[in-house]
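Colleague: Sequence first, then the predicted structure, then my questions.
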Amino acid sequence: MSYKDLDSTNIKEYTVTELSSALKKTIEINFDVIHVRGEVSGLIIARSGHIYFSLKDDNNIIQAVLWSRVSQGINLKLEDGMEVIVIGKLSTYAPQSRYNIIVNSIELAGEGALLKLIEDRRRRLASEGLFDEKYKKSLPYLPKTIGVITSESGAAFQDIIIRIKERFPVNIILFPVLVQGNEAPKQIAKAINKINLYSDKNSDSIDLLIVGRGGGSFEDLMAFNEEIVVRAIFESKIPTISAVGHEIDNSLSDYVADKRAPTPTAAAEIALPDRKILVASLESISHRLLQATKNKLDISKDNINKYFLPA
């Protein structure tokens, strides 16, 4: 077929709008659910709560949007440079022939990426001196009131109560917060700050804080690696014990706290002496004091007898 014959063929002519609409329909039908791996770039969090960013690799870049209602259920604070996997659908804006990803969920691309993120954050905060021993405060020997910042429904608080009652009953005040999810770091940091502010202005202050939660997955414990929580613990004038997860778990909160406890139960043991041991120690001291007094009186009696009794 020659060039001259083109006008006589049945090739369809599209308007710009028709072509854009056809492309939009084709893309959105064929890429309804997609998994895309890439590096977060150009992160913008709008006042509305919507999150806009780009996903890029070595050669290309694509825009993405995370609506605020979806972001509230995602347990990950996005930062530029994160390598992530997003699940969503491809959407197009036909009038400008643009396309982007509408994100439904997002996660770090493997535990290795999460570990790298935490390690980079640890090094940065360490360089500011937040983990220096010279800033660590001594714990009170026998606090009158202990504040516990943790989940109201979790096992951690119950474990702390049981152990404190066993060791040395004192006043315990729970400050309930979320311990995982996007809102958890804000709630934990806010609780620490409010307790310190209250203690500055009132005589019935809290003498010691326990901040933490029971065990969970690596991702579940991420709230205690967030910078806002680390800085709140560092700035706390009230001595703080970090009690996050199990003995094998480590968080940045452990580094900055005045004392790290391997578990919430262990935090209660660190916070208070054992009453039974104290009573036994006092009884032992009392017995030794009475015996020493008796010995002293016996010696004095012997000396008096030497001088005043007839030979």
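Modeller: Perfect, I can see it now.
Colleague: for the stretch 51-200 of the chain, which spans come out with low pLDDT?
Modeller: Residues of the stretch 51-200 of the chain meeting the criterion pLDDT under 70: 110-111.
Colleague: Check the stretch 201-311 of the chain too.
Modeller: Across the stretch 201-311 of the chain (using pLDDT under 70), the flagged ranges come out as 203, 308-311.
Colleague: What segments of this protein are strands?
Modeller: Applying DSSP state E to the chain gives strands spanning 34-45, 51-56, 61-66, 83-93, 98-108, 145-150, 171-176, 208-213, 240-244, 259-261.
Colleague: Make CSV out of the ones you listed and add mean neighbour count and distance to residue 285.
Modeller: C-betas here are computed from N, CA, C, even on glycine. Converted to CSV, the strands of the chain look like this (neighbours: other C-beta atoms under 10 Å; distance: least, C-beta to C-beta, whole Å):
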stretch, mean neighbour count, distance to residue 285
strand 34-45, 15, 61
strand 51-56, 20, 63
strand 61-66, 17, 64
strand 83-93, 18, 61
strand 98-108, 17, 56
strand 145-150, 24, 27
strand 171-176, 15, 27
strand 208-213, 28, 26
strand 240-244, 28, 29
strand 259-261, 20, 27
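Colleague: And those strands: which comes nearest residue 184?
Modeller: Closest to residue 184 of those is strand 208-213 (C-beta to C-beta; 9.1 Å).
Colleague: could I get the closest one in PDB with only the CA atoms?
Modeller: Output of strand 208-213 as PDB, limited to C-alpha atoms (Å, rounded to 0.1, in the frame of the first residue of the first chain):
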ATOM      1  CA  LEU A 208      10.700   7.400  87.700                       C
ATOM      2  CA  LEU A 209       9.400   6.500  84.200                       C
ATOM      3  CA  ILE A 210       9.200   3.100  82.500                       C
ATOM      4  CA  VAL A 211       8.600   3.300  78.800                       C
ATOM      5  CA  GLY A 212       8.100   0.300  76.700                       C
ATOM      6  CA  ARG A 213       6.000  -2.700  75.500                       C
END
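Colleague: just checking, what packs against that strand?
Modeller: With contacts taken as 3 or more C-beta pairs under 8 Å, 6 or more residues apart in numbering; DSSP states H and E, strand 208-213 sits against strand 145-150, helix 155-167, helix 184-201, strand 240-244, helix 264-271.
Colleague: Report the beta-bridge partner residues of residue 62.
Modeller: Going by DSSP bridges, residue 62 is paired in beta bridges with residue 55.
Colleague: ok, back up a step: output the strands of the chain as CSV; include the columns distance to residue 188.
Modeller: CSV is the format used below for the strands of the chain (distance: least, C-beta to C-beta, whole Å):
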stretch, distance to residue 188
strand 34-45, 20
strand 51-56, 22
strand 61-66, 23
strand 83-93, 24
strand 98-108, 21
strand 145-150, 6
strand 171-176, 9
strand 208-213, 7
strand 240-244, 11
strand 259-261, 16
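Colleague: Which one of those strands lies nearest to residue 24?
Modeller: Comparing these by C-beta to C-beta, strand 83-93 comes nearest, at 4.3 Å.
Colleague: between that closest one and strand 98-108, how big is the angle?
Modeller: 160 degrees (axes from the mean of the first three to the mean of the last three C-alpha atoms, to 10 degrees).
Colleague: Starting from strand 83-93, tell me which strands it pairs with and how they run.
Modeller: Checking strand 83-93 against DSSP bridges gives partners strand 34-45 (antiparallel), strand 98-108 (antiparallel).
Colleague: what pLDDT does residue 9 get?
Modeller: The model reports residue 9 with a pLDDT of 57.
Colleague: among the helices and strands packed on strand 208-213, which is the most enclosed?
Modeller: strand 240-244 (a mean of 28; mean count of other C-beta atoms under 10 Å).
Colleague: Nearest the geometric middle of the protein, what residue?
Modeller: residue 224 (1.7 Å; C-alpha atoms, centre = their mean).
Colleague: Distance to residue 12 added to the helices and strands packed on strand 208-213, as JSON lines?
Modeller: Shown next, in JSON lines, are the helices and strands packed on strand 208-213 (distance: least, C-beta to C-beta, whole Å):
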{"stretch": "strand 145-150", "distance to residue 12": "66"}
{"stretch": "helix 155-167", "distance to residue 12": "67"}
{"stretch": "helix 184-201", "distance to residue 12": "56"}
{"stretch": "strand 240-244", "distance to residue 12": "64"}
{"stretch": "helix 264-271", "distance to residue 12": "70"}
